[in-house]
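Enquirer: can't give you the sequence, but here's the structure:
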């Protein structure tokens, strides 16, 4: 089980049966429920094989059932995960976009479709991630500070697209907000 110094709260509604099973398993294994949940999640991630996503190092591929190459989801998560959620989601978008919610696909897709705004010098994959991900010129560099600054506005843009029949580009969305006076001064960077 990974040692994580920072914890986050997980709240979930489960059936009474599942809660009782968690209580019993936790007592039998003499573990706290959070420890047990993390252990079970790690076991599930390392038991799950997925089709190889984009940019995977050939040495990380395994032969799956039916002779198809697969990747362990646990290994992929260990390589891609970072506490910087914007960076984690950008990485997922490039490697396995279907692992993102629809809203996050729109947000990250908007960043990559607007590299004239968000492009920069920051590499998306660090040394740890490079153990799993190939170095490719197809992987863009971004300005992570700018992406982080604009993340709330990108979220508003994704929400706008989901709730309106009007399909605006992100620059047009920013211009619309600027003209209406609804854009914070912090976003005058673009």
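Expert: Everything's here; your move. Predicted model, so just to flag it, every value in this text is computed and none were measured.
Enquirer: Scan this structure for its longest helix.
Expert: Secondary structure of the chain per DSSP state H: the longest helix is helix 144-163.
Enquirer: List the buried residues for that one?
Expert: Using 16 or more other C-beta atoms under 10 Å as the test for burial, helix 144-163 gives 144, 146-147, 150, 153-154, 157-158, 160-161. For every residue, glycine as well, the C-beta is placed using N, CA and C.
Enquirer: Likewise for stretch 110-125?
Expert: Buried residues in stretch 110-125, counting neighbours by 16+ other C-beta under 10 Å, are found at 110-111, 114, 117-118, 124-125.
Enquirer: middle-most residue in this protein, spatially?
Expert: residue 89 (2.8 Å; C-alpha atoms, centre = their mean).
Enquirer: What angle do helix 144-163 and the helix or strand where that residue lies make with each other?
Expert: Using DSSP states H and E, the element containing residue 89 is helix 85-95. Calculated by axes from the mean of the first three to the mean of the last three C-alpha atoms, to 10 degrees, helix 85-95 forms an angle of 70 degrees with helix 144-163.
Enquirer: Show me which positions of helix 85-95 end up buried.
Expert: Those would be 86-95, for helix 85-95 by 16+ other C-beta under 10 Å.
Enquirer: Quick check: what element follows it along the chain?
Expert: Assigned by DSSP H and E, the successor of helix 85-95 is helix 102-113.
Enquirer: Following element in sequence after that next one, please.
Expert: Next along the chain after helix 102-113, taking DSSP H and E as the criterion, comes helix 115-118.
Enquirer: Quick one: mean pLDDT for the following helix or strand past that next one?
Expert: Next helix or strand after helix 115-118 toward the C-terminus (DSSP H and E): strand 119-122. Throughout strand 119-122, pLDDT has a mean value of 96.
Enquirer: how does the protein divide into domains?
Expert: Annotated domains of the chain cover 13-45, 78-187 [automatic domain parsing].
Enquirer: pLDDT below threshold where in the chain?
Expert: By pLDDT under 70, the low-scoring segments of the chain are 1-5, 185-190.
Enquirer: 90 instead?
Expert: 1-12, 52-54, 64-67, 166-167, 174-190 (pLDDT under 90).
Enquirer: Can you mark which positions in the strand or helix carrying residue 28 are buried?
Expert: Applying DSSP H and E as the criterion places residue 28 in helix 16-29. Residues of helix 16-29 classed as buried by neighbour count (16+ other C-beta under 10 Å): residue 26.
Enquirer: Can you list the neighbours in contact with it?
Expert: 14, 32-33, 36-37 (C-beta atoms under 8 Å, 6 or more residues apart in numbering).
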